[in-house]
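S.K.: my questions concern the predicted model and sequence given below.
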Amino acid sequence: MELLLVLGLPIAGSVALAVAGARRHAPEISAGASLATLLAAALLAVREVRSGPLLLWHEQFFVDSFNIFLVLLTAFVGFTTATFSRSYMRAEQLHRKLSARRLRLYHSMFQLFMGAMLTALLTNNMGLLWVAMEAATLSTVLLVSLYKTKASLEAAWKYFILCGVGIAQALFGTILLYSAAARILGHEGMSALLWTHLYAVRAGLEPAVVGLAFAFLLVGYGTKVGLAPLHNWLPDAHSEGPAPVSAVLSGLLLNVALYAVIRAKTLATGSIGPLLPGRALMAFGLLSAVLGSLFLWRQRDIKRLFGYSSIEHMGLITFAFGIGGPIANFAALLHMTAHSLTKSSIFFTAGDAAQTAGTQQMEEIRGLVRTSPALGWGLLLGSLAILGMPPFGVFASEFLILTTTMREHPWAAPVLLLVLALAFAGIFSKVQPMAFGENFAPQPPRPHALTPVYVHLALVLTLGIYIPPVLAGWYHAAAQLIG
């Protein structure tokens with residue numbers, strides 16, 4: 001029942017908002033559907049804690065320690081984003097940037113996007129995982145192009161083409177995986193696509209075929225993660241779509257795509273050993289972190305700045321998964337959580353700041369701490385959190401990644417230190433004038449719209465000081481599973 005609610009509520013919300021999304025109370029309907037989804041996800045998590053891993057609906061869906069915390073995280077950020085959207089999107093309509101018809105499209109596609117991501121996380125079927133990722137791509141194309149400007153349409157087409165090519169490669173990798181498994185599991189039915197069945201026979205899968213399948217899956221889903229050099233769509237999509245869309249793209253979609261990569265990595269490691277999958281993830285991750293930190297220095301658009309920051313952080317997480325082992329995997333899972341909460345809160349403040357100033361150009365956004373204290377301090381604290389300042393959770397995860405790297409691969413430690421230094425200087429040098437610089441026309445504060453920002457930051461601060469035992473248990477179990 002809980003699974004049906006988690007998957008069904010966003011889809012039902014999408015259908016309802018496709019009809020009523022232009023009405024006055026549509027934002028409240030969307031937030032209500034997201035809250036109901038969050039409550040259903042919490043019930044599913046309670047069931048997993050009590051009963052352990054769950055196989056549901058003829059084994060087509062699977063709940064374990066690896067995906068349940070991501071389900072909760074996705075549902076929570078979806079709810080806070082829907083809450084933030086209420087005031088933000090109404091202000092966009094008031095400024096005549098969006099019509100009632102476009103708002104209906106936004107609310108409907110937002111719920112469809114949430115449903116697709118939750119399906120991708122919970123499915124046990126590698127084929128259905130691919131379908132859900134494709135559905136998430138198509139829905140976000142419409143969300144990125146919402147403003148129908150030349151730049152937003154160009155960003156949406158770039159996103160559609162690049163991720164379309166990537167998802168096609170992921171499909172080919174899925175077919176190869178099925179081909180390798182069918183020799184053992186048989187061609188009848190869909191058991192050769194069920195991840196739990198694949199995991200059980202991973203040692204007997206044909207290494208050459210599985211290695212090739214992993215390469216296609218890594219490149220295919222890695223495109224949606226934003227791994228360099230497959231990252232070109234990400235800064236444009238983040239900068240041209242509405243701020244709530246940027247929040248869920250960076251805070252949720254990248255996690256779900258990386259989740260698909262890591263599920264494939266566990267199969268490849270069992271078949272061909274940890275060396276090739278691990279080194280591939282380390283290479284893509286390190287390249288992404290380096291390029292992301294370097295490109296931060298060239299940015300003038302506030303949302304593009306934090307878009308490149310997402311590339312850097314997803315690179316760090318991928319690198320940690322490539323190292324492997326219980327500590328590095330634990331750190332990567334913690335960083336996924338902290339990054340999602342922090343980066344979504346930053347895009348809330350970045351969108352609000354751009355809306356208040358009437359521009360996304362950072363040199364024209366100044367003195368936010370004086371003109372709108374809630375907004376200015378939210379942006380500053382979020383930036384410090386994502387830069388790894390203690391005692392925020394990002395500091396704890398980056399510290400674990402760095403110390404593990406020093407022990408396992410000391411040659412990479414100076415590169416990671418350089419990446420962190422470049423990212424700190426690149427972001428802080430741009431955020432500090434926005435927060436404390438000479439202000440222009442004063443603007444009224446908007447504390448109610450920014451409540452989700454401080455809720456997220458409070459959670460990230462808590463993760464840096466204390467990780468709840470249930471969450472730590474999920475991390476430990478998932479780290480052992482990933483290997």
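M.R.: In hand now; what should we look at?

S.K.: in the protein, mark out all the strands, start to finish.
M.R.: Applying DSSP state E to the chain gives strands spanning 54-56, 61-63.

S.K.: buried deepest among those strands, which one?
M.R.: Per residue and on average, the most neighbours among the strands of the chain fall to strand 61-63, with a mean of 22 (mean count of other C-beta atoms under 10 Å). No exception for glycine: its C-beta is placed from N, CA and C like everyone else's.

S.K.: how far does it sit from the chain's center?
M.R.: Remark: strand 61-63 is offset 20 Å from the chain centroid, using C-alpha atoms, centre = their mean, to the nearest Å.

S.K.: for Arg366, which non-adjacent residue is closest in space?
M.R.: Once flanking residues are discounted, Arg366 sits nearest to Gly437: 3.8 Å by C-beta to C-beta, 6 or more residues apart in numbering.

S.K.: now do the buried residues in the longest helix along the chain.
M.R.: Ranked by number of residues, the top helix in the chain under DSSP state H is helix 150-185. Judged by neighbour count using 16 or more other C-beta atoms under 10 Å, the buried positions of helix 150-185 are 152, 155-156, 158-160, 162-163, 166-167, 169-171, 173-181, 184-185.

S.K.: so what does it touch, helix or strand wise?
M.R.: helix 126-144, helix 195-200, helix 207-225, helix 233-240, helix 254-272 (3 or more C-beta pairs under 8 Å, 6 or more residues apart in numbering; DSSP states H and E).

S.K.: now do the buried residues in the worst-scoring helix or strand of the chain on mean pLDDT.
M.R.: Between all helices and strands in the chain, the lowest mean by mean pLDDT, DSSP states H and E belongs to helix 368-371, at a mean of 88. Within helix 368-371, the residues scored as buried using 16+ other C-beta under 10 Å are 368-369, 371.

S.K.: now for that helix, which elements pack on it?
M.R.: On a contact count with 3+ C-beta pairs under 8 Å, 6+ apart, helix 368-371 meets helix 373-386, helix 413-436.

S.K.: buried residues in the longest one?
M.R.: The reference is to helix 413-436. Of all the residues in helix 413-436, those buried under the rule 16+ other C-beta under 10 Å are 413, 416, 419-420, 422-424, 426-427, 430-431, 434-435.

S.K.: sorry, back to before: next one: phi and psi at the residue nearest to Arg366?
M.R.: The phi/psi pair for Gly437 (degrees, to the nearest 10) reads phi -70, psi 180.

S.K.: wouldn't it be in contact with Glu363 here?
M.R.: No. The criterion here is C-beta atoms under 8 Å, and Gly437 misses it with Glu363 at 9.2 Å.

S.K.: these two: which is more packed in?
M.R.: Gly437 (16 against 11; other C-beta atoms under 10 Å).

S.K.: where does the more buried one land on pLDDT?
M.R.: With respect to pLDDT, Gly437 has a value of 82.

S.K.: what about the stretch 1-150 of the chain, any weak spots by pLDDT?
M.R.: The model of the stretch 1-150 of the chain has pLDDT under 70 over residues 21.

S.K.: quick one: the helices in it?
M.R.: 2-20, 26-51, 65-94, 100-122, 126-144, 150-185 (DSSP state H, counting those that start in this stretch).

S.K.: and those as JSON lines, adding distance to Ala357?
M.R.: As requested, the helices of the stretch 1-150 of the chain are exported to JSON lines (distance: least, C-beta to C-beta, whole Å):
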{"stretch": "helix 2-20", "distance to Ala357": "30"}
{"stretch": "helix 26-51", "distance to Ala357": "23"}
{"stretch": "helix 65-94", "distance to Ala357": "13"}
{"stretch": "helix 100-122", "distance to Ala357": "22"}
{"stretch": "helix 126-144", "distance to Ala357": "22"}
{"stretch": "helix 150-185", "distance to Ala357": "18"}
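
S.K.: Leu471: which of those is closest?
M.R.: Nearest to Leu471, of all the helices of the stretch 1-150 of the chain, is helix 65-94, at 6.3 Å by C-beta to C-beta.

S.K.: export the helices and strands packed on helix 150-185 to CSV and tack on distance to Ile29?
M.R.: Shown next, in CSV, are the helices and strands packed on helix 150-185 (distance: least, C-beta to C-beta, whole Å):
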stretch, distance to Ile29
helix 126-144, 17
helix 195-200, 34
helix 207-225, 29
helix 233-240, 26
helix 254-272, 24
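
S.K.: that older thread, which one of the buried residues of helix 368-371 is nearest to Val63?
M.R.: Leu368 (42.1 Å).

S.K.: surely that closest one and Leu381 touch.
M.R.: No. With contacts counted by C-beta under 8 Å, Leu368 stays clear of Leu381, the gap being 12.0 Å.
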